[in-house]
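Peer 1: A structural model of the following input is requested.
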Amino acid sequence: MTKRRKILPTTEKRNRASENIDQLSTHEIVDLINSEDALVAGAVARQRRHISAAINVIVSRFKEGGRLFYVGAGTSGRLGVLDASECPPTFGVSPSLVQGIIAGGRGALVRSAEGAEDHPADGAAAIVKRKVRASDVVVGLAACGMTPFVLGALKGAKRIGAATIFVTCAPEAVEHIPAEIIINPVVGPEVVTGSTRMKAGTATKLVLNTLTTGAMIRLGKVYGNLMVDLKATNEKLRDRSIRIVMEITDLSRPSARRLLARAEGSVKAAIVMHFRRVDLVRALAILKANGEFLRPAISQPEEPA
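Peer 2: Residues are numbered from 1 along each chain as shown. Sure thing, here's the model as predicted:
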């Protein structure tokens, strides 16, 4: 019986363009890396239909009370945790709405824990530990498409009935991935063979940024291109809140600051209060009646003075 030859994923193949990179000057190294990085955006763009489909699934599950879980190991896992951690301050959502699961736990965020990715049972256990439900979405992240921890988590999620999405840069792995939607930006072999923190990592970050940003826009977290649901948890964000209110209302800075104070820091509520000439309680009710979307909430006739 002929032994089946193991297929080497694209992410582990040698990049012919960089075979002699150790003999190049510093400027030549920079140029070569940059030329390879330039391939990433196009690879992601070619997955736009799959990315759009994934966003629609995420939005649908959010509206049903579901959550989004990223599951990965190494660079992919860290990128998932990073994207999840940035959603609350940017879009004003609960930290539980988007969560990152990384093989090896929190310690793996700052120190390599490569062996932690080898056990599918651990991935499945992580899904149970996080109490993933049928209404949730689980996004597996693995540049090579074969990480046991991630595949175990994905299979566990499918058993529960959760929606499943997978992001990988290895076309060879696609047919073996147990997910409903597969996003496969093929960026080619890395400049340093197997170092998927490079092009594959960049592609993964672009995809994750698009998934959560697209979903939050569809949920009304953005007005124009302004993050009207941000949480002003530091001086920079407090200043941004004031500038957003000024931009939309044409108020002076002192007036915008006073309006935000009356709105208890809520940018959306402050803007509704201004345009509808109402107090905070009424502004919040108007937003709720409009599904938390600011545009329809302020486009209606002004409330009687």
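Peer 1: tell me how many other residues crowd Leu259.
Peer 2: Using other CB atoms under 10 Å, Leu259 has 20 neighbouring residues. From N, CA and C alone the C-beta is placed, and that goes for glycine too.
Peer 1: skipping adjacent residues, who's closest to it in space?
Peer 2: Ala270 (4.7 Å; CB to CB, 6 or more residues apart in numbering).
Peer 1: can I assume that neighbour sits in a helix?
Peer 2: Yes: checked against DSSP: H, G, I helix; E, B strand; the rest coil, Ala270 lies within a helix.
Peer 1: got the contact list for it?
Peer 2: The contact partners of Ala270, by CB atoms under 8 Å, 6 or more residues apart in numbering, come to Val245, Ala256, Leu259, Leu260, Arg262, Ala263, Ala283.
Peer 1: looking at those residues, which is nearest Gly145?
Peer 2: The nearest member of the contacts of Ala270 to Gly145, counting by CB to CB, is Val245 at 45.4 Å.
Peer 1: please, which helix or strand holds the closest one?
Peer 2: Using DSSP states H and E, Val245 sits in helix 235-249.
Peer 1: quick one: contacts of that helix?
Peer 2: Contacts for helix 235-249 (CB under 8 Å, 6+ apart): 89, 223, 226-228, 230-232, 251-253, 256-257, 259-260, 265, 267, 270-271, 274-275.
Peer 1: okay, and which of those map to helices?
Peer 2: Pro89, Arg253, Ala256, Arg257, Leu259, Leu260, Val267, Ala270, Ile271, His274, Phe275 (DSSP state H).
Peer 1: you'd agree the first one is up against Met227?
Peer 2: Read that as Pro89. No: counting by CB atoms under 8 Å, Pro89 stays clear of Met227, with 9.2 Å between them.
Peer 1: which of those two has more neighbours?
Peer 2: For Pro89 versus Met227, neighbours defined as other CB under 10 Å are more numerous around Met227 (21 against 16).
Peer 1: torsion angles phi and psi at that one?
Peer 2: phi -80, psi 80 (degrees, to the nearest 10).
Peer 1: spatially, what comes nearest to it if we skip its sequence neighbours?
Peer 2: In space, Met227 is closest to Thr90, 5.8 Å off (CB to CB, 6+ apart).
Peer 1: okay, domains of the protein per the record?
Peer 2: 38-218, 235-299 (automatic domain parsing).
Peer 1: how about the secondary structure of Tyr70?
Peer 2: Look at Tyr70: counting by three-state DSSP, its state is strand.
Peer 1: how many neighbouring residues does it have?
Peer 2: 30.
Peer 1: check which helix or strand covers the residue nearest the centre of the chain.
Peer 2: Nearest residue to the geometric centre of the chain (CA atoms, centre = their mean): Leu208, 3.4 Å. For Leu208, the host element (DSSP H and E) is helix 199-218.
Peer 1: give the rounded mean pLDDT of that helix.
Peer 2: Averaged over helix 199-218, pLDDT sits at 98.
Peer 1: what of stretch 134-141?
Peer 2: 98.
Peer 1: next: stretch 237-248.
Peer 2: 96.
Peer 1: now do the buried residues in it.
Peer 2: Neighbour-count burial for stretch 237-248 flags Leu237, Arg240, Ser241, Ile242, Ile244, Val245, Met246, Ile248 (criterion: 16 or more other CB atoms under 10 Å).
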